[in-house]
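> okay, here's the prediction I keep looking at, along with the sequence it came from:
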Amino acid sequence: MASGLHIHGERVWLKHYPRGGLARRLVHGLLNRVVGALGADCLRAPPHRGGDAGRDVERRRIELLRAQGVHVPEVIGQGPAMLLLGDIGRSVSHHLRRMGGDPERIGALAGRAAQAIAAAHRRGAYLGQAFPRNMTVDGERIGFIDFQEDPGEIMPLAEAQARDWLMFAVGVGRYYDGREDALAALLGGCLRELPQARAALARTVARLGFVERACYRLGRGPRAYGVALRALRLAVA
Ligand SMILES: Nc1ncnc2c1ncn2[C@@H]1O[C@H](COP(=O)(O)OP(=O)(O)OP(=O)(O)O)[C@@H](O)[C@H]1O
Ligand SMILES: [Mg+2]
């Protein structure tokens with residue numbers, strides 16, 4: 001949970017880390033069993049910590065990502081179960097929603113965002129929650145936020161990177177329904193330079209073929225998963 005504030009004319013974000021309840025842990029445990037049984041290990045949910053522990057994970061991840069050359073917010077200060085973060089722009093999802101479905105503008109921004117993920121991966125980083133709502137447009141740069149969960153605690157680098165691509169593809173999926181080829185071309189171009197993430201993705205999407213088909217028969221939300229899985233399957237073929 002993050003609140004935008006203004007301090008001396010500067011926009012900053014106060015992020016709180018509420019303690020997760022038992023219900024959340026139970027749902028996570030159940031989902032992890034399901035994705036584990038499907039063989040989609042990279043989709044297992046990392047521990048979700050609240051309080052000072054959640055704050056410390058986010059702070060540690062921000063500092064590591066900055067050292068890896070990824071554009072992340074500055075940590076301005078911290079308090080009990082809180083971090084004060086610098087602003088790095090409006091989210092990619094905010095911009096995508098305002099493009100009136102224009103495929104060229106959507107493709108240009110989605111392409112920039114995908115290139116930013118690829119650049120982070122080439123430096124040995126992974127993001128963790130690479131949905132367009134957790135990516136920002138900061139002038140010429142694409143930024144990343146939301147690091148309270150660390151997939152690196154439960155999976156190797158290639159799986160964590162594959163997870164980033166799945167999340168990104170799901171997040172942009174609704175803009176590519178019926179244009180899966182275009183999304184596949186965009187993702188495939190990035191993945192060519194990332195053989196290990198690409199191999200991990202290929203294993204995962206191969207196992208999720210029936211999920212892909214089922215998602216297309218459901219409503220708009222699940223269809224985005226179908227679009228993402230189809231585009232990724234084509235991208236790694
Ligand atoms: N440093 C920042 N710069 C710009 N916007 C930010 C920043 N931090 C947070 N935000 C805004 O606040 C929203 C929520 O922040 P964040 O994703 O870190 O929290 P969260 O509680 O994990 O949210 P969610 O579960 O919805 O992803 C972001 O989607 C973004 O719009
Ligand atoms: Mg978020």
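Arrived safely. Ligands and ions are numbered 1, 2, ... in the order given.
> compute the number of surrounding residues for the residue in the chain positioned nearest to ligand 2.
Distances from the chain to ligand 2, computed as CB to the ion, single out Asp146 as the nearest residue at 3.7 Å. (C-beta placed from N, C-alpha, C; glycine too.) Counted by other CB atoms under 10 Å, the residues lying close to Asp146 total 17.
> just give me the neighbour total for the closest residue to it other than its chain neighbours.
Leaving aside its sequence neighbours, Asp146 sits nearest to Asn134 (CB to CB, 6 or more residues apart in numbering; 4.1 Å). When neighbours are defined as other CB under 10 Å, Asn134 has 20 of them.
> quick one: contacts for Asn134?
For Asn134, the residues meeting the contact criterion (CB atoms under 8 Å, 6 or more residues apart in numbering) are Ser91, Leu127, Phe144, Ile145, Asp146.
> got the phi and psi for the residue of the chain closest to ligand 2?
Main-chain torsions, Asp146, degrees, to the nearest 10: phi 80, psi 80.
> what does the one 4 residues further on give?
Dihedral angles of Asp150 (phi, psi; degrees, to the nearest 10) stand at phi -120, psi 100.
> surely it meets Pro46?
Yes: judged on CB atoms under 8 Å, Asp150 makes contact with Pro46 at a distance of 5.6 Å.
> need the overlap of contacts for the two.
Residues touching both Asp150 and Pro46 (CB under 8 Å, 6+ apart) are Gly128.
> what's the helix or strand containing Asp52 in contact with?
Element membership of Asp52 [criterion: DSSP states H and E] is helix 51-67. Contacting residues not belonging to helix 51-67 are listed as 15, 17-19, 48-49, 72-73, 75, 78, 80-83, 85, 120, 125, 127-128, 144, 146-150 [CB under 8 Å, 6+ apart].
> do that again at 10 Å, thanks
The list of residues contacting helix 51-67 from outside it, by CB atoms under 10 Å, 6 or more residues apart in numbering, reads 15-20, 46-49, 70-75, 78-83, 85, 120, 123, 125-128, 144-150, 152-153.
> got a PyMOL select line for the buried ones in the contacts of Asn134?
In PyMOL, selecting the buried portion of those, with burial taken from 16 or more other CB atoms under 10 Å, looks like this:
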select buried, resi 91+127+144+145+146
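> make a markdown table out of the contacts of Asn134 and add secondary structure.
What follows is these, written out as a markdown table (DSSP: H, G, I helix; E, B strand; the rest coil):
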| residue | secondary structure |
| --- | --- |
| Ser91 | strand |
| Leu127 | coil |
| Phe144 | strand |
| Ile145 | coil |
| Asp146 | coil |
